[in-house]
Structure formats: C-alpha cells, structure tokens
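next one to model:
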Amino acid sequence: MKFVKPSYIAAMTIAISALGTGVAQAECGNVTIAEMNWASAQAAARVDEFILKHGYGCDAESVPGDTVPTATSMTEKGRPDIAPEMWMNTVKEQIDRAVGEDRLVIVGDVLQDAAANAGEGWWIPRYMLEKTPELATIEGVKKHPELFKDPEDPSKGRVVGCPAGWACQIITDNLFKAFDMESAGFNLVDPGSGAALAGAIKKAYNRGEGVLAYYWAPTSLLSELDMVRVELAPYNAAEFESCIGVANCPDPKPNGFAITEIKTIASTEFANSNPGPMAYLKARIWTPEDFGKVLTYMEAEQADGQAAAEWFLKNNEASWSKWVPADVAAKVKAAL
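Okay, the predicted model is just below:
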C-alpha cells in the first residue's frame, strides 16, 4: 500500500471542495432578488439572499423594487429573478397572465395564512372585543360611539384615519361615508403622519382606552399590540375600484378591504434551472410570530433589511432551518 502524505490529502480535499462549490455556483449562477421598499419585504429579501448565496452557492444580489415596477419588469424581461414578497392585489391580473404564458411562476405563500394575518383594515384592541363582543362588526361599533371617545370632542366617537396624501386616506374617507359613521356619532380624524397614527393607537392601547383606527399588517405595531380587525362588509372589487378608491366619490356603498394575497414570484427561467433553491422558496413560509420578531427588531434598532436578516438567522435557527436540508443549514450557520 502506497503511503500518501497528509498534506497532499488536505490539498486534494480543498481542491475538490472548491470544485464542488464552483459547480454549485455555476448551476445556480447570478440571481437577482427584488427588495421592496417596506420593512417586511426588505428583511425577507435579505434572508433569501443570504441563504441562496451561502447555502446554495448562488451569486445572489438584492436589487431595489416596488410592486408595480417589479411586476412589470418580471413579466416583460424576466428580471429580477425572484420577488420574495409580492402583494398581489394590484398586479394579480398581470401576474396571472404571465404565469399562463409560462414567463413567471407563483412559488407560494410568504406569510402563513395571509388572509388572516396581513392586509388593511379598521382595528380595535382585543380587550374591547372581549368586553363587548358586538364590536366585532362595524354595525356593532356604530352602536357604541361612547366607547371610542374623541379626546378633542368627547361627545363623539373617533375613527383615526390615514394621513393626508396616503392612498388609504381616500379609502377611509369613503368607507366612513359609506357606513354613515357621522350620523352614528363619530368623527373622522386625520392623524397627520404615519408616526402619529401609530402613536395614537399605541397611546390609547397602553391606557386601556377605546380606539378604532386604520392600520395594516404585517407591521411592528400590530405585532406588538393585540389588535383585532373589525368586520366591515364583503369586498366588492368593482365598487371598490369605481368609487371607494376614488377621491370624492358622491355615493359610496358599504364595502371592505380586499383579502390579501402575498406571494413569492419567480421567473420561469430561474424556476426551471434551480430545483434546490426553488424547493427552499416553496418551504420558506414565515409565521406571523417570526415576521413580528423581525419587524419589532427593525423598529427598535432602526435596522435595515440586511441587519434584520442577519439578526433573524443568528437568533432563530429553529425556524429557518426547517426551510432547508441539513447540509444547507450547516453552510448557512457556518457563514453566520
């Protein structure tokens, strides 16, 4: 038997390892990931980037994105390769058409049970609902303006709406009219800014007071506070588009917010060429608890998506390791 020097074995091992890594990178290649301009999407994109880069050997890169421009670029050019968090409501028809033409693939959900855990609405604290169950619906809320006292006008109830200039201001104004909230004894209050809107909700909540306000999930605020979405009316898309979403609509009818679909989208070219990364993206479904942790961290530390992703991966291995095979998890952990 011929003796082989340990140094030679080590050198060969390194060479083979490097070759293996090179093959993995060649198979996956360059991958562009849309990093949308809101907190949860920024963190989600950076988590995907880290895992694809270090776990699967992809040359992954996050690129700036936003819902409509990213959807248009993906449907027309096939780039970026992945949109980790695409809110489908405004681009569903466009995405579905591209899927039918075999240009895009809807990989799967981003957030567990998004219909219940994400989207816009009018919210109240759970402690109010537990004390007065009929507040679950807008009709029940209308019977009790005294439970939502306006600090500036205590004889009236208060709906904390959207800041001026936000798209949701038009929607909230029209819903306020549609449900005839003024006749029920409510004022609609403009909070002035996003920070003031969150502050008004948090202030009332921390005091155990009544509050009815527009907000959306997933956000750090609704991860921190136990709030419940009030049942409005069934969503009517045609009415919503023709009136509820239109400024100064003369005769808005009762309506609700659209049921939220949040999907991961990929180009067909990427999907067909990368079975391993695609298996990861299909398995990568965030729980509301994990999303909440990340958003709370970002808010508290004023962290960007990159810092939030690294914090999540370092501190929540039990969550993300379920998304990948053991060997991939080991590579990600080593990279951290």
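
only C-alpha atoms for contact and neighbour calcs from this point on.
Will do.

quick one: secondary structure of residue 266?
strand (DSSP: H, G, I helix; E, B strand; the rest coil).

nearest residue to it in space, please, no chain neighbours.
Sequence neighbours aside, residue 82 is the residue nearest to residue 266 in space, at 4.4 Å (criterion: CA to CA, 6 or more residues apart in numbering).

any idea what the one you found is bridged to?
Judged by DSSP bridges, the bridge partners of residue 82 are residue 33, residue 266.

what does the helix or strand containing residue 108 contact?
Using DSSP states H and E, residue 108 sits in strand 104-109. By CA atoms under 8 Å, 6 or more residues apart in numbering, the residues outside strand 104-109 that reach it are 74-75, 78, 95, 98-99, 261-268, 271, 278, 281-282, 285.

next secondary structure after that strand?
Next helix or strand after strand 104-109 toward the C-terminus (DSSP H and E): helix 114-117.

related to what we said a few turns ago, show the pLDDT at the residue nearest to residue 266.
Residue 82 is assigned a pLDDT of 98 by the prediction.

distance check, it against residue 274.
Distance, residue 82 to residue 274, by CA to CA, to the nearest Å: 12 Å.

neighbour-wise, which of the two wins?
Comparing residue 82 with residue 274 by neighbour count (other CA atoms under 10 Å), the higher total belongs to residue 82, at 29 against 15.

distance of that one relative to residue 69?
Separation of residue 82 from residue 69 (CA to CA): 13 Å.

kindly report the same for residue 332.
On the measure of CA to CA, residue 332 and residue 69 end up 31 Å apart.

equivalent analysis for residue 280, please.
Taking CA to CA, one finds residue 280 at 25 Å from residue 69.

residue 306 now?
Distance of residue 306 to residue 69, computed by CA to CA: 22 Å.

next: residue 52.
Going from residue 52 to residue 69 by CA to CA gives 24 Å.

more neighbours, those two?
Higher neighbour count among residue 52 and residue 69: residue 52, with 24 against 11, using other CA under 10 Å.

helices and strands around the one helix or strand that one maps to, which ones?
Assigned by DSSP H and E, residue 52 belongs to helix 39-56. Under the contact criterion of 3 or more CA pairs under 8 Å, 6 or more residues apart in numbering; DSSP states H and E, helix 39-56 touches helix 6-28, strand 30-35, strand 59-64, strand 82-87, helix 275-283, helix 288-301, helix 305-315, helix 326-335.

chain center to that helix, what's the gap?
Centroid separation between helix 39-56 and its chain, computed with CA atoms, centre = their mean, to the nearest Å, is 14 Å.

same deal with stretch 272-292?
Chain-centre distance of stretch 272-292: 14 Å, with CA atoms, centre = their mean.

return it as PDB; C-alpha atoms alone will do.
Extracted as PDB, the C-alpha positions of stretch 272-292 are listed here (Å, rounded to 0.1, in the frame of the first residue of the first chain):
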ATOM      1  CA  ASN A 272     -36.600  25.500 -14.300                       C
ATOM      2  CA  SER A 273     -32.900  25.800 -13.700                       C
ATOM      3  CA  ASN A 274     -32.700  25.800  -9.900                       C
ATOM      4  CA  PRO A 275     -34.700  22.900  -8.300                       C
ATOM      5  CA  GLY A 276     -32.800  23.200  -5.000                       C
ATOM      6  CA  PRO A 277     -33.300  27.000  -4.400                       C
ATOM      7  CA  MET A 278     -36.900  26.500  -5.600                       C
ATOM      8  CA  ALA A 279     -37.500  23.900  -3.000                       C
ATOM      9  CA  TYR A 280     -36.300  26.300  -0.400                       C
ATOM     10  CA  LEU A 281     -38.500  29.200  -1.600                       C
ATOM     11  CA  LYS A 282     -41.600  26.900  -1.500                       C
ATOM     12  CA  ALA A 283     -40.800  25.800   2.000                       C
ATOM     13  CA  ARG A 284     -39.900  29.300   3.200                       C
ATOM     14  CA  ILE A 285     -43.200  30.400   4.700                       C
ATOM     15  CA  TRP A 286     -42.900  32.900   7.500                       C
ATOM     16  CA  THR A 287     -45.000  32.500  10.600                       C
ATOM     17  CA  PRO A 288     -46.700  35.700  12.000                       C
ATOM     18  CA  GLU A 289     -44.600  35.300  15.100                       C
ATOM     19  CA  ASP A 290     -41.300  35.300  13.200                       C
ATOM     20  CA  PHE A 291     -42.300  38.200  11.000                       C
ATOM     21  CA  GLY A 292     -43.300  40.000  14.100                       C
END
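
what's the average pLDDT for it?
Averaging pLDDT along stretch 272-292 gives 96.

likewise for stretch 326-336?
In this model, stretch 326-336 has an average pLDDT of 97.

keeping just the C-alphas, turn it into CSV.
Taking C-alpha atoms only, stretch 326-336 is exported to CSV below (Å, rounded to 0.1, in the frame of the first residue of the first chain):
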residue,chain,number,x,y,z
ALA,A,326,-29.5,19.8,6.9
ASP,A,327,-26.4,20.3,4.8
VAL,A,328,-27.6,23.7,3.5
ALA,A,329,-28.5,24.7,7.1
ALA,A,330,-24.9,23.8,8.1
LYS,A,331,-23.5,26.1,5.4
VAL,A,332,-25.7,29.0,6.3
LYS,A,333,-24.8,28.6,10.0
ALA,A,334,-21.1,28.5,9.2
ALA,A,335,-21.4,31.7,7.1
LEU,A,336,-23.1,33.4,10.0
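
no further queries at this time; thank you.
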